[in-house]
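Asker: Output the structure for:
(one chain, ligands or ions: 1)
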Amino acid sequence: MRRSFTFLLRPTTKQTAALAACLEDHRTLYNAALEHRRTAYAKASVSIRYGDQSAELKHIRSDDPDGQGRWSFSSQQATLRRLDRAFAAFFARVKAGRTPGFPRFKGRGRFDTVEWPKDGDGCRWDSQPEHTSATFVRLQGVGHVRVHQHRPVRGRVKTISVKREGDRWYVILACDDVPAEPLPATGAVVGLDMGVAALVTTSNGVHLANPRHLAATADRLADAQRDLAGGRRGSTRRHKKVARVAALHGKVRRQRSDYAHKAALALVRAYDVIVHEDLRIANMTRSASGTIDAPGRNVAQKSGLNRSILDAGWGVFLRVLAYKAESAGRELIAVNPAGTSRTCSRCGHCAKDNRLTQAEFVCTACGHAAHADVNAATNILRAGLALRQAAEAA
Ligand SMILES: [Zn+2]
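Answerer: Next up is the predicted model:
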């Protein structure tokens, strides 16, 4: 299994300056390489490739020993490859007949990550300078940076990245061969309905609501983004606003990820089989079925932006759930959610009138009354178990 681990860095003042310089030089390199490709293409219709640019790195480094020459050759190659991927995606969209925007220059604040593609090459995870009680990561040109390692790292560290979020720095380890940790069977199964008022409702009637503090941060982010939309470009005030939006984005991401981990862990511990909506299908049908357009009363007054911030939690939750389920040896089944919110989970009668409000379900045929999301989750569970049975019979 592959997994990533993210930890807060605790750099010294000097290291913070070095990290900022490292990021800035990688951004400059990215922009210079982009400029090179653009002019070659515009003036001579020549396509510059990754290999050409990588070969030039040696000269760039030797010409600028106190600047670009300070950093890892491999991390610079990773930045050139990142540009190469942007161009590959651009040409793929051109080929598909769309009219994509040309890859863009990265402004300050639009380039926040440096990657070292191989542990031991210009970087070293868990490198011990003198302490034995603390964790450090060694980064070429920066030194041994202290890591707030709040949980153990498992598997083999493959790549190491450093990311800036506001005034915080994080190290991200991508690990291979992370061992699975199977959990004992419980004999229980569950269906999940993903909603707006509650992030997830289970077929057993448990609502896992987006936590209050996440909703509060989402509110503040929505405000900050509205505030930013009016500002003048290039002003100091605007610069501060951009930084504030970035910091709040980071906070929302961390809160959402923490919550997704807790919620997914609880489900994986309790159930052998977990059935959920196929999110790709759900997203296509959701607005048509009115869930987004007519959300529950808890969120009806919220702005569209705020709601979309909370909604984005589904993708994060399902990703976390997928790898926790795999690691624990649990079975995860995705089903087409079409009709699950209008169908009676007791008699199967499907009608729009069954659902009187966002929260209430009353079957017009058999009179079955339930919380609408619990009814939907029960249908989702049934659809998943039917798929499973069909697969076993085949
Ligand atoms: Zn019914």
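
Asker: Show me which residues of the chain are close to the ion?
Answerer: The chain comes close to the ion at residues C344, R346, C347, H349, C363, A365, C366, H368, as judged by CB under 5 Å from the ion. C-beta here means a position set from N, CA and C on the backbone, and glycine is covered the same way.

Asker: As CSV, these with secondary structure, neighbour count and pLDDT would be great.
Answerer: What follows is those, written out as CSV (DSSP: H, G, I helix; E, B strand; the rest coil; neighbours: other CB atoms under 10 Å; pLDDT from 0 to 100):
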residue, secondary structure, neighbour count, pLDDT
C344, coil, 23, 96
R346, coil, 15, 96
C347, coil, 12, 96
H349, coil, 15, 95
C363, coil, 22, 95
A365, coil, 13, 95
C366, coil, 12, 96
H368, coil, 16, 95
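
Asker: any idea where the strands of this protein begin and end?
Answerer: When secondary structure is read from DSSP state E, the chain shows strands at 3-10, 113-116, 123-125, 135-139, 143-148, 156-165, 168-176, 189-194, 200-202, 207-208, 273-277, 331-335, 360-362, 369-371.

Asker: Not counting its own residues, what contacts the third one?
Answerer: By CB atoms under 8 Å, 6 or more residues apart in numbering, the residues outside strand 123-125 that reach it are S72, S75, W116, D119, V137, R138, L139, Q140, V153, V157, I160, L173.

Asker: Please name the strands paired to that strand in the sheet, noting orientation.
Answerer: Taking DSSP bridges as the criterion, strand 123-125 sits next to strand 135-139 (antiparallel) in its sheet.

Asker: Between strand 168-176 and the partner strand, find me the angle.
Answerer: What separates the directions of strand 135-139 and strand 168-176 is an angle of 90 degrees, with axes from the mean of the first three to the mean of the last three CA atoms, to 10 degrees.

Asker: Give me the residues contacting strand 135-139.
Answerer: With contact meaning CB under 8 Å, 6+ apart, strand 135-139 is reached by 7, 9, 19, 22, 72, 116, 122-129, 144-147, 149, 160, 162, 171.

Asker: switch to 10 Å and redo it
Answerer: Contacting residues not belonging to strand 135-139 are listed as 7, 9-11, 15, 18-19, 22, 71-72, 75, 114, 116, 119-120, 122-130, 143-149, 153, 157, 160, 162, 171, 173 [CB atoms under 10 Å, 6 or more residues apart in numbering].

Asker: Now do it: distance to the chain's middle.
Answerer: Computed by CA atoms, centre = their mean, to the nearest Å, the chain-centroid distance of strand 135-139 equals 25 Å.

Asker: With stretch 207-221 instead?
Answerer: On the basis of CA atoms, centre = their mean, stretch 207-221 sits 17 Å off its chain's mean C-alpha point.

Asker: The nearest residue in space to R81 that is not next to it in sequence: how many residues sit nearby?
Answerer: Spatially, and ignoring its direct neighbours in sequence, R81 is nearest to Y50 (6.1 Å; CB to CB, 6 or more residues apart in numbering). Y50 sits with 16 neighbouring residues when counted by other CB atoms under 10 Å.

Asker: quick one, what contacts Y50?
Answerer: Counting by CB under 10 Å, 6+ apart, Y50 touches A33, Q77, L80, R81, L83, D84, R85, F87, A88.

Asker: Among those residues, the buried ones, what's the ChimeraX command?
Answerer: A single ChimeraX command is used to select the members of those judged buried by 16 or more other CB atoms under 10 Å:
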select :33,77,80,81,83,84,87
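
Asker: Just put the contacts of Y50 in CSV and tack on pLDDT.
Answerer: Compiled in CSV, the contacts of Y50 are given as follows (pLDDT from 0 to 100):
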residue, pLDDT
A33, 96
Q77, 97
L80, 97
R81, 97
L83, 96
D84, 95
R85, 95
F87, 91
A88, 91
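
Asker: Kindly reformat the contacts of Y50 as JSON lines containing distance to R108.
Answerer: Conversion of those to JSON lines gives the following (distance: CB to CB, whole Å):
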{"residue": "A33", "distance to R108": "17"}
{"residue": "Q77", "distance to R108": "23"}
{"residue": "L80", "distance to R108": "20"}
{"residue": "R81", "distance to R108": "22"}
{"residue": "L83", "distance to R108": "17"}
{"residue": "D84", "distance to R108": "23"}
{"residue": "R85", "distance to R108": "22"}
{"residue": "F87", "distance to R108": "22"}
{"residue": "A88", "distance to R108": "25"}
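
Asker: In helices, which of the contacts of Y50 appear?
Answerer: By the criterion of DSSP state H, membership of these in helices covers A33, Q77, L80, R81, L83, D84, R85, F87, A88.

Asker: closest to V268 among those residues?
Answerer: Compare each of these with V268 using CB to CB and the shortest gap goes to R85, at 33.1 Å.

Asker: residues contacting the closest one?
Answerer: The neighbourhood of R85, defined by CB under 10 Å, 6+ apart, consists of Y50, P103.

Asker: still on that earlier bit, quick check: of the ones in helices among the contacts of Y50, which lies closest to P337?
Answerer: Nearest to P337 out of these is R85 (CB to CB; 32.9 Å).

Asker: And the closest one, how close does it get to Y50?
Answerer: As judged by CB to CB, to the nearest Å, R85 and Y50 stand 9 Å apart.

Asker: All the helices of this structure, in order from the start?
Answerer: Using DSSP H, the helices of the chain run over residues 13-44, 50-63, 73-95, 212-230, 236-270, 279-289, 304-311, 313-328, 372-393.

Asker: ok, of those helices, where does mean pLDDT dip lowest?
Answerer: Averaging pLDDT over each of the helices of the chain singles out helix 279-289 as the lowest, with a mean of 53.

Asker: Name all residues that make contact with the most centrally placed residue in the chain.
Answerer: Taking CA atoms, centre = their mean, the centroid of the chain lies closest to V316, which sits 5.8 Å from it. V316 sits next to L199, R253, R256, S257, Y259, A260, H261, A264 when contact means CB under 10 Å, 6+ apart.
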